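# Below: sequence and its predicted model.
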Amino acid sequence: MTIHSIVADTDALIAYARLDCWQDIIDNLNISTTLTCYRELKVHHSDIDSYDQRKQSRAEAAGKVISALDDDESTIDKEFVGSIQDEGERSIVELVRQNKNDIEVILMMDSGDSEMAEGGRSFVRNRLNLKQIGVTMPSLGVPIGVLAQNDILSEEDACANINEIGKKEGWTSKSALERIWEGVPLDCDEEPDFFG
Amino acid sequence: MSKSTDPSGSTTLGEAVRTAEEVTEGSIEDSIISTVEYNLEDADKARILELYDEGDIAEKVARQLIGNEDFEDATEKARGADMMLSGDSSRFISE
């Protein structure tokens, strides 16, 4: 079993599948997820005939991720952590605990309940001492910056996709996005509203 | 940053708080900070984080104004950007 240095949960993968650069992601970025997240993706995909446009859009994106995970040619794969967890984020925590030496990056979209510190990124931060184990949890825009840094995405495409992610993640990504623009570097014309 | 005053300009926000604390016989600081946090918009919170990044305000003040969880999330995202983009990022790319 080869664990990639980047792991991603269900929502992160769905967010990426909605971007124009999805094909570049699954052709180039080494990402692992868990069987629990794969199962969650299948649940989301079952809404493909929903009359609710939001659910249907999410189902379509989940379908794209499932196809990539089932395709041996793609750079993303799924791993079994020894038991099926109830929720994706729990399985991600378990995957990281079992592979501390290999995993460097956790990608998650949902910030979780900030009051209760449950679910999503809050849950992971409260279960793992990220700094101590040498793992980090960046904005989803950062791997897009990595694609630009390695000349896989053009500056224009990177800016457009990073801004799309920035709008979804909100103001907590501001510092991270500024670091991408300086670190790659990218000269983006348009910025998410909260930058104003 | 202006303080609240009554029309005569004789009562400052600080005086109002001290008076309220004398009446309630307890600190109302947490209530005031919660109200301030509630009224901050995303752009305001982003600016507060920027002031913290630039060393203009203390971590404690930033945490109080934008909330612990959001502060932790924002700083973790920034740390992640530094880590992934510094050095040779080609290790994240398939050969």
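That came through fine. Residues are numbered from 1 along each chain as shown, chains lettered A, B, ... in the order given.
# Who are the packing partners of the strand or helix carrying B:R47?
For B:R47, the host element (DSSP states H and E) is helix B:42-53. Contact here means 3 or more CB pairs under 8 Å, 6 or more residues apart in numbering or on different chains; DSSP states H and E; on that basis helix B:42-53 packs against helix A:174-183, helix B:59-66, helix B:68-85. Every C-beta, even on glycine, is put in place using the N, C-alpha and C of the backbone.
# Compute the number of surrounding residues for B:K60.
9 (other CB atoms under 10 Å in any protein chain shown).
# what residue ranges in chain B score low on pLDDT?
Regions of chain B meeting the criterion pLDDT under 70 cover residues B:1-11.
# need the residues of it near chain A, please.
On the criterion CB under 8 Å from any CB of the partner chain, chain A has as its neighbours in chain B the residues B:42-43, B:45-46, B:49-50, B:53, B:67, B:69-70, B:72-86, B:89-94.
# So A:E40 versus chain B, what's the distance?
22 Å (CB to the nearest CB, to the nearest Å).
# and what of A:Y51?
From A:Y51 to chain B the distance is 32 Å (CB to the nearest CB).
# can you pull the contacts of that residue?
Remark: with contacts taken as CB atoms under 8 Å, 6 or more residues apart in numbering or on different chains, A:Y51 is in contact with nothing.
# likewise A:I133?
By CB under 8 Å, 6+ apart, the residues touching A:I133 are A:V96, A:K100.
# Distance of it relative to A:K100?
For A:I133, the distance to A:K100 equals 5 Å [CB to CB, to the nearest Å].
# before we move on, what about A:G166?
When CB to CB is applied, the distance between A:G166 and A:K100 equals 30 Å.
# More neighbours: these two, which one.
A:G166 (24 against 13).
# out of everything not next to it in sequence, what's closest to the more buried one?
Among residues not flanking A:G166 along the chain, A:P192 sits closest, at 4.2 Å (CB to CB, 6 or more residues apart in numbering or on different chains).
# Over to A:E155?
In space, A:E155 is closest to A:L186, 5.5 Å off (CB to CB, 6+ apart).
# Just to check, the one you found is in contact with A:Q149?
No - proximity of A:L186 to A:Q149 does not meet the contact threshold set by CB atoms under 8 Å, at 9.3 Å.
# number of nearby residues for the residue of chain B found nearest chain A?
When distances are taken as CB to the nearest CB, chain B reaches nearest to chain A at B:G80, 2.4 Å away. Applying other CB under 10 Å, we find 26 residues neighbouring B:G80.
# any idea which helix or strand carries A:Y38?
Counting by DSSP H and E, the element that carries A:Y38 is helix A:35-45.
# Kindly provide the whole-number mean pLDDT of that helix.
Helix A:35-45 shows a mean pLDDT of 96 in the predicted model.
# how close does the residue in chain B sticking out farthest from the centre sit to A:I133?
For chain B, the C-alpha farthest from the mean C-alpha position belongs to B:E95; by CA atoms, centre = their mean, that distance is 43.1 Å. According to CB to CB, B:E95 and A:I133 sit 26 Å apart.
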